[in-house]
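A.B. asks: I would like to see how this sequence folds:
(one chain, ligands or ions: 2)
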Amino acid sequence: MSDEPAPASMRQAGPRDLEIVWQDGHVSVYPVAYLRRACRCASCVDEWTGAQILKAEQVPEDVRPVRIDPVGRYAVHFTWSDGHTSGIYSFDHLRAICPCAECAGR
Ligand SMILES: [Zn+2]
Ligand SMILES: [Zn+2]
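C.D. replies: Ligands and ions are numbered 1, 2, ... in the order given. I've put the predicted structure just below:
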């Protein structure tokens, strides 16, 4: 047993939204442009300082995931329509950035 968050299911909820239902029953709906901007790969966030390199305005509003591939049991890899391919999102990170009112209020 681990207390890592894990998705029970993941689906495209609309042209701009990705929905994750977590094993604890929580539902997260992410606008995909928001997810793209939350990328923490070395070209989006400085590995050493944690400073954001990627600017929000560099991400087109109509960006969308072209592919979503599982990475082991703890993360997913997104291939984006803007050509960005190096983003790996741990479930931990995804759960932490859940934009719902309940999570955002914490
Ligand atoms: Zn990135
Ligand atoms: Zn939430």
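A.B. asks: run a quick neighbour tally on I97.
C.D. replies: I97 has 17 neighbours, counted by other Cβ atoms under 10 Å. All C-beta spots, glycine's among them, are computed from the backbone N, C-alpha and C.
A.B. asks: which secondary structure elements does the helix or strand that contains R36 contact?
C.D. replies: Using DSSP states H and E, R36 sits in helix 32-37. Packing partners of helix 32-37 (3 or more Cβ pairs under 8 Å, 6 or more residues apart in numbering; DSSP states H and E): strand 17-22, strand 75-80.
A.B. asks: partner strands of the first one and their direction?
C.D. replies: Counting by DSSP bridges, the strands paired with strand 17-22 are strand 7-14 (antiparallel), strand 27-31 (antiparallel).
A.B. asks: next, work out how far apart the residue positioned nearest the centre of the chain and D46 are.
C.D. replies: The residue lying closest to the centre of the chain (Cα atoms, centre = their mean) is L35, at 4.2 Å. To D46, L35 is 20 Å away according to Cβ to Cβ, to the nearest Å.
A.B. asks: again, but for Y34
C.D. replies: For Y34, the distance to D46 equals 20 Å [Cβ to Cβ].
A.B. asks: what about the two, which has more around it?
C.D. replies: Using other Cβ under 10 Å, the more surrounded residue of Y34 and D46 is Y34, with 16 against 11.
A.B. asks: hang on, isn't that one packed against L94?
C.D. replies: No: counting by Cβ atoms under 8 Å, Y34 stays clear of L94, with 11.2 Å between them.
A.B. asks: still on that earlier bit, nearest to G87, of the helices and strands packed on helix 32-37?
C.D. replies: Closest of these to G87 is strand 75-80, at 4.9 Å (criterion: Cβ to Cβ).
A.B. asks: how about the residues of the protein by ligand 2?
C.D. replies: Within the chain, the positions lying close to ligand 2 (Cβ under 5 Å from the ion) are 98, 100, 103.
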